[in-house]
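[1] got a sequence here, can you build the structure:
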Amino acid sequence: MPAQALDLTALYESHARQVWRMAVRLGVAPANVEDAVQEVFLIAHRQTRAFAGRSSASTWLIGIAVKVAATYRRKQSRGTVPLVEALAAPGRGPDEELEQRQRLYELEDVLRRLPPEQREIVVLCDLEQLTAPEVAEVLEVNVNTVYSRLRLGRAALTRALTEVGKDSS
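    Below is the predicted model:
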């Protein structure tokens, strides 16, 4: 059993930051991100023996993180802005911090408008840089479904960002 704990420790050390980013980008409220990350690794621990190695450990964990984030989104109340709270970097000047927070608010607002299935794919492909076949594997959907949702999500994202740009002018 110690070998499994060591593997889980290595898995956590290698992928915790990525799982944290996924939770934030997929809409888990800041107060729940740490719990969601822990839940991902608890599930991974319970399913270690079931992991057949057909995918990479990273892809396997992302799949778990997507499902955990969906569960947390269903549970949490509306009105939270996770990206701003979780990604705003300290140590900047007040003007830079204000500008960064404003951009993060706009991005979170735009992402929140996307249907969840499009949001997941846009986050996985465009922010996490996974390939369409990897996303198909993670979400257990056909690769053509990924391409279709990605196209629709990007178009909706572009429209929404254009509207935000017009509103701030």
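[2] max-length helix in the chain?
    Ordering each helix of the chain by length in residues (DSSP state H) puts helix 143-168 first.
[3] now it: average pLDDT?
    Averaged across helix 143-168, pLDDT comes to 87.
[4] got it, and stretch 54-65?
    What stretch 54-65 shows for mean pLDDT is 85.
[5] pull out the CA atoms of that stretch and give them to me as PDB.
    Extracted C-alpha coordinates of stretch 54-65, given in PDB (Å, rounded to 0.1, in the frame of the first residue of the first chain):
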ATOM      1  CA  ARG A  54      -5.600   4.200 -21.600                       C
ATOM      2  CA  SER A  55      -5.100   7.900 -21.100                       C
ATOM      3  CA  SER A  56      -2.500  10.000 -19.400                       C
ATOM      4  CA  ALA A  57      -2.800  10.700 -15.700                       C
ATOM      5  CA  SER A  58      -3.300  14.400 -16.500                       C
ATOM      6  CA  THR A  59      -6.300  13.600 -18.800                       C
ATOM      7  CA  TRP A  60      -7.700  11.200 -16.300                       C
ATOM      8  CA  LEU A  61      -7.600  13.800 -13.500                       C
ATOM      9  CA  ILE A  62      -9.000  16.500 -15.800                       C
ATOM     10  CA  GLY A  63     -12.000  14.200 -16.500                       C
ATOM     11  CA  ILE A  64     -12.500  13.800 -12.700                       C
ATOM     12  CA  ALA A  65     -12.100  17.600 -12.200                       C
END
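[6] got the buried residues for the longest helix of the chain?
    Residues of helix 143-168 classed as buried: 146, 149-150, 152-154, 156-157, 160, 164 (neighbour count, 16 or more other Cβ atoms under 10 Å). C-beta coordinates here come from the backbone N, C-alpha and C atoms, glycine included.
[7] okay, and for this structure, where does confidence drop off?
    Within the chain, the segments meeting pLDDT under 70 span 1-6, 76-93, 165, 167-169.
[8] spatially central residue for it, please.
    By Cα atoms, centre = their mean, the chain has its centre lying nearest to M22, at 2.6 Å.
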